[in-house]
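Novice: quick one, structure for this:
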Amino acid sequence: MASTARQLARRHSRSCREGRFRRSLRGVNLAWATDVHFDFLDARGLEAFSAGLGDSGADAFLVGGDIAKAPSVEGHLRKLAARLRRPIWFVLGNHDFYLGSIAAVRTAMRALRSEWLRWLPDEGIVPLTASTALVGCDGWGDARLGNFERTPVRLNDFVMIEELTRASRAERLRRLRALGDESADLLRANLLPALERYVKVIVLTHVPPFRDPCWHEGKISDDDWLPYFTCDAVGNVLREAAAARPDRDLTVLCGHTHGGGTAQILGALRVWTGGANYGSPRIERMIDVT
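Specialist: Presented below is the predicted three-dimensional model:
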C-alpha cells in the first residue's frame, strides 16, 4: 500500500469517530489473534505481546475472544488500545465471562466503545474497503452437534459463569441453545445485508461454527467435545448465506479449541481456526484486505 501505517492510523482515528472505516482506503492490513488469555501472562509477557502487535505493521487488529476473565477483560482491552492506538475489533469467548455474568460483561463491553475499541456484536457492518466488510458475533457451544446426552465432559463454564451455574442438564441445554440462537440471529441481521453490498465479507467469531474446523491437536474434536466446541446455529446462518450468494467470498475466523486448521465448507465459504497456547499468545495470521 502506498500509505504508511501511521498515515492509515490517523485516517482510522477520524473514521472510527464516525463509526466506520473510510471507504476510500485501497487496502487494510489486519493482524488477527485469538484465545490470547492475558490472565496467564505477567507484565513482561503482556508488554512483549503488545509490542509484537504494534510492530506487525497492521493497520487494525482482530481479537477473537478469550481475552481474560470477566473482572479483567475491560482493563486488558484498555491497556492494549492505549499501547496500539489503532482500531481493535473484538468478540468475546466463554473465558471472558468467568468469575462474572454474561449480562454484566456484555454491558461493560457496550460501555467500553471508544475511538479504538469496538465489540463487533454491537458494531453491525464494518466497511474495510469499498469491496470488503467485517461482521462478528461471539458464538457459543450450543450443544447441537456431538453427543450432549452422554458426554462425560464438564466445563468450567458451568461453575464459573453465573447464568450457567446451578442448572440441571435439561436447563443447561436450553440455555446453551438460546445463547447459540442469539449469536445466530445477530449474525444473520448483519451478514445478509453485508453480502448484498460487498464482494467479500470477513466474519470474526469465537466458536467454530461447523464440525470440520473444530480442530484440536491436529484432528477434529470427537463427539464428547463437539457439543461445547461448535456453534451449529451460527453454522446454519453461514451455510444459508453462502448458498444464497455463491458469488460472494466469505471467510470465517474462529478459535476456542486452541487447535489451528482450515476447512472449505461450501463454495467460497471457508473457515480458519486459530491455534493457541496458554501463556504464549501470538498473531495467528496477517490478513491483507485489498
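
Novice: which parts of the chain are helices?
Specialist: Assigned by DSSP state H, the chain shows helices spanning 5-17, 43-54, 70-84, 102-112, 157-160, 169-197, 226-229, 232-244.

Novice: got the buried residues for the longest one?
Specialist: Across helix 169-197, burial judged by 16 or more other CB atoms under 10 Å covers 172-173, 175-177, 179-184, 186-188, 190-192, 194-195. In this view, the C-beta of every residue, glycine as well, is placed from N, C-alpha and C.

Novice: same check, this time on the second one
Specialist: Applying a neighbour-count criterion of 16+ other CB under 10 Å, the buried positions in helix 43-54 are L46, F49, S50, L53, G54.

Novice: centre of the chain to that helix, how far?
Specialist: In terms of CA atoms, centre = their mean, to the nearest Å, the centre of helix 43-54 is set 20 Å apart from its chain centre.

Novice: which other helices and strands contact it?
Specialist: Applying 3 or more CB pairs under 8 Å, 6 or more residues apart in numbering; DSSP states H and E, one finds that helix 43-54 makes contact with helix 70-84.

Novice: between the helix it packs on and helix 102-112, how many degrees?
Specialist: Here helix 70-84 points in a direction 20 degrees away from that of helix 102-112 (axes from the mean of the first three to the mean of the last three CA atoms, to 10 degrees).

Novice: hang on, the earlier thing: least reliable of the helices of the chain going by mean pLDDT?
Specialist: With a mean of 39, helix 5-17 has the lowest mean pLDDT of the helices of the chain.

Novice: ok, back up a step: quick check: which of the helices of the chain is nearest to P281?
Specialist: The closest of the helices of the chain to P281 is helix 43-54. By CB to CB, the value is 5.1 Å.

Novice: export the closest one to CSV, keeping only CA atoms.
Specialist: The C-alpha trace of helix 43-54 is given here as CSV (Å, rounded to 0.1, in the frame of the first residue of the first chain):
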residue,chain,number,x,y,z
ALA,A,43,3.5,-7.7,32.9
ARG,A,44,6.6,-8.5,30.8
GLY,A,45,4.7,-11.0,28.7
LEU,A,46,1.8,-8.6,28.2
GLU,A,47,4.2,-5.9,27.1
ALA,A,48,6.1,-8.3,24.7
PHE,A,49,2.8,-9.3,23.0
SER,A,50,1.6,-5.8,22.7
ALA,A,51,4.9,-4.7,21.3
GLY,A,52,4.7,-7.5,18.7
LEU,A,53,1.3,-6.4,17.6
GLY,A,54,2.5,-2.8,17.3
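
Novice: fine by me, we can end here.
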